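Asks: fold the following and give me the result.
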Amino acid sequence: MWASPVDDEALSELVPRIAAFGFDAVELPLEQPGHWDPVRTRDLLAAHHLTAAGVCAVTPPGRELVAAPAAVVAATVAYLKTCVDNAAVLGAPCVGGPVYASVGRTWRMSPAVRTACYADFREALAPVADYAGERGVSIGVEALNRYETSVVNTLTQALELIDGLPANVGLMIDTYHMNIEESDPYAILGLAGPHIKHVQVSGTDRGAPGRDHFDWPRFLTALRATGYGGAVCIESFTALNETIATAASIWRPLAPSQDRLALDGLAYLRSVNRQLDRQSSLDVDETSH
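Replies: This next block holds a predicted model:
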């Protein structure tokens, strides 16, 4: 949202501000191992009464688990295990992201090639899944839109991708991609629900939720119905950092400031949740009578 790379210096400035805004949790991208110290970060979050919602795996060119040389796959597995180590220290429940291939990498696949690609992914991720499970960490696999990957675009594809992997491997869902790729981004939660490990949200333009055309009350109602009890994290990107802006195609500011984007998104999502809580209470009262 604010900085790239996210490192110890950035966190020292951002964590107190995020806490002052009234957030409950943060997700932490690990762009490169060593950018932030997990023990220091854990203590910094605790000092400001924040929890770590998850560690986001970042997949630039060269981080690949499919259709790549064995050395590249091995290096990516090592990176993902480092993400797991950091999550375990933070007490974060999940490592999430498009862990199968680098963002922006696309190629055409026949059904047979796709089947083989998915099998290769499961074989490559299996040791990471076991490693994470031993440390009480889940892996959330994220489907990206068609412009960012050709491997996994829908949650149905993502479920096929992870089929047969341990139960600690599930889905990280992102409303930005769902809005593009899902024919019904609300109904699909009924299928995805038992497998959801982490949730990212943003406006349909990558701005603040509530300043877009997405039906947020419907989405949050459907999400509640799945029984998901984890964090809902606003994911957006700053246009001021050339690397991240180019990678995420952020060509213009999405709000007057990044602080404003965060605050507006938080206020709106909290207001929807309060409305849903009130409606739930009314429904219970009517049932009891």
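Asks: quick one: average confidence on the host helix or strand of E160?
Replies: Applying DSSP states H and E as the criterion places E160 in helix 155-162. For helix 155-162, mean pLDDT is 98.
Asks: what's downstream of it, the next helix or strand?
Replies: strand 169-174.
Asks: who's in contact with that following strand?
Replies: 54, 94, 96-97, 125, 129, 138-144, 155, 158-159, 162, 189, 192, 195-202, 235 (Cβ atoms under 8 Å, 6 or more residues apart in numbering). Any C-beta I mention is one placed from the backbone N, CA and C, and that applies to glycine too.
Asks: return the set of buried residues in the following helix or strand past that strand.
Replies: Going down the chain from strand 169-174, the next helix or strand is helix 175-181, by DSSP H and E. Of all the residues in helix 175-181, those buried under the rule 16 or more other Cβ atoms under 10 Å are 175-181.
Asks: for stretch 26-35, same thing?
Replies: The neighbour-count check on stretch 26-35 (16+ other Cβ under 10 Å) flags 26-31, 35 as buried.
Asks: can you put these in TSV and add secondary structure?
Replies: As requested, the buried residues of stretch 26-35 are exported to TSV (DSSP: H, G, I helix; E, B strand; the rest coil):
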residue	secondary structure
V26	strand
E27	strand
L28	strand
P29	strand
L30	strand
E31	coil
H35	coil
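Asks: check contacts around P29.
Replies: Counting by Cβ under 8 Å, 6+ apart, P29 touches 4, 6, 55-56, 58.
Asks: quick check: the farthest pair among the buried residues of helix 175-181?
Replies: Using Cβ to Cβ, the buried residues of helix 175-181 span at most 10.9 Å, a distance reached by T175 and E181.
Asks: where does the nearest residue to V128 once chain neighbours are set aside land in three-state SS?
Replies: Closest residue in space to V128, ignoring its immediate chain neighbours: L80 at 4.7 Å, by Cβ to Cβ, 6 or more residues apart in numbering. Classification of L80 by three-state DSSP places it in helix.
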